[in-house]
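S.K.: Got a predicted structure here, sequence first:
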Amino acid sequence: MSNYKSTDALMRHLRNNGIAISGSSQKQQLINTGYFHGYKGYRFFVSSNRRIPFTSYNEINATIQYDTKLKSLLYGKMMLIETALKNIALNTIMAEINSNSIYDMYDKAVSSYKNASPGTSEDIKKKFQNNKLNLQGSIQNSIAAAYRKENPKITHFYNTVNYNEVPIWAIFEILTMGDFGYLLSCLTQDVRKKISRNIGLNLSSDTNCTLVYKYVYALKDLRNAIAHNDVVYDTRFRKMDPSKPMKQCLMLEMGLPYINFKTIGDYIILICYFLKLLKVSKTEIKAFIREFEKITKEYEGQVSSAVAAITVHPDLFSRMTICNSSAMRLSSIKKVYR
């Protein structure tokens, strides 16, 4: 027996479950957003046991459109940050090893059994070596995949007689953000510290220099959710628990009482922090925050107070005000802690 339901049948099903929906306009909205991607994907907040009290399809569609606008707003900023962080790390590594050879990077910039600091335990040395081998395997797999797909950034070096290896800069062009984060985690602490300083990160609470790759992992979760058109506004994409240094850094730099990465506002704050570190203009950062506030307020006006109480954090706008003012004075704060 088939479980297929026509669009009209799905509309009846929604009405039977307390969702007001009717007419050709809402029928087309249901077709365009999909019952499974749209209604079933957006009917809960973060997890399926936290249902949102929607009473009309207008509210569901407003939530979908809010999420879509949010992804459009974030996409360009995420691409800017990803590209900039990769280039800063690349330049720092090549300057450190005085080479563009991936093998020189493995030997001189990546933690291993042989280059571990005196006094390092045997278990930690073996962990370093295992991570290095995993990194080498991961990068080789990325190169092979790029070659199979005939990516010119890679094929150029294998299909040209004068070259015998792919330089680091070409490899950085094909690394996913997750791979990039893993590479950063495998670097020696000294190299990570130099990258962190070149970015401008506040290292006062980052004794082991883990901030740079943990922030990359946090941004990676958001970036991938945007790229795959997953739900973003409720941060269900979050796969990692923020470390204490991650929280302390942002709280100190942005003047906030708490950070937990459980709301989209915290990711907006993280993006603003990196935009400022990357010397994006104050005008552009203010416009970014203002647009986020605008689309969120518009959304609040399109849903009931019961829905908004769940989908919009109560102190979101007060935190954005703090973020706005704090981002404007970051350049003078960060120098104290470097």
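M.R.: Looks like it arrived, so ask away.
S.K.: which SSE is the residue sitting nearest the centre point of the chain in?
M.R.: In the chain, the centroid-proximal residue (Cα atoms, centre = their mean) is Leu219; its distance is 2.1 Å. In this structure, Leu219 sits in helix 211-227 according to DSSP states H and E.
S.K.: can you pull the buried residues of that helix?
M.R.: With burial defined by 16 or more other Cβ atoms under 10 Å, the residues of helix 211-227 counted as buried are 211-226. All C-beta spots, glycine's among them, are computed from the backbone N, C-alpha and C.
S.K.: same question, stretch 131-148
M.R.: 131-132, 135, 138-139, 142-143, 146-147.
S.K.: number of nearby residues for Tyr158?
M.R.: Neighbour count of Tyr158, defined by other Cβ atoms under 10 Å: 12.
S.K.: Now do the same contact list for the nearest residue to it once chain neighbours are set aside.
M.R.: Excluding the flanking residues, the one nearest Tyr158 by Cβ to Cβ, 6 or more residues apart in numbering is Tyr147, at 6.3 Å. Neighbouring residues of Tyr147 by Cβ atoms under 8 Å, 6 or more residues apart in numbering: 154-155, 158.
S.K.: Closest one of those residues to Lys247?
M.R.: Ile154 (38.6 Å; Cβ to Cβ).
S.K.: Need phi/psi at that closest one.
M.R.: Phi and psi for Ile154, reported as degrees, to the nearest 10, are phi -110, psi -40.
S.K.: these two touch, right, it and Ala146?
M.R.: Yes - here Ile154 lies in contact with Ala146, judged by Cβ atoms under 8 Å, at a distance of 4.1 Å.
S.K.: between the two, what contacts are shared?
M.R.: Joint contacts of Ile154 and Ala146 (Cβ under 8 Å, 6+ apart) are Ile174.
S.K.: Contact partners for Asn198?
M.R.: Asn198 neighbours (Cβ under 8 Å, 6+ apart): 88, 91-92.
S.K.: Is it in a helix, a strand, or coil?
M.R.: The three-state label given to Asn198 by DSSP: H, G, I helix; E, B strand; the rest coil is helix.
S.K.: what's the answer for the one 10 residues further on, then?
M.R.: The three-state label for Asn208, taken from three-state DSSP, comes out as coil.
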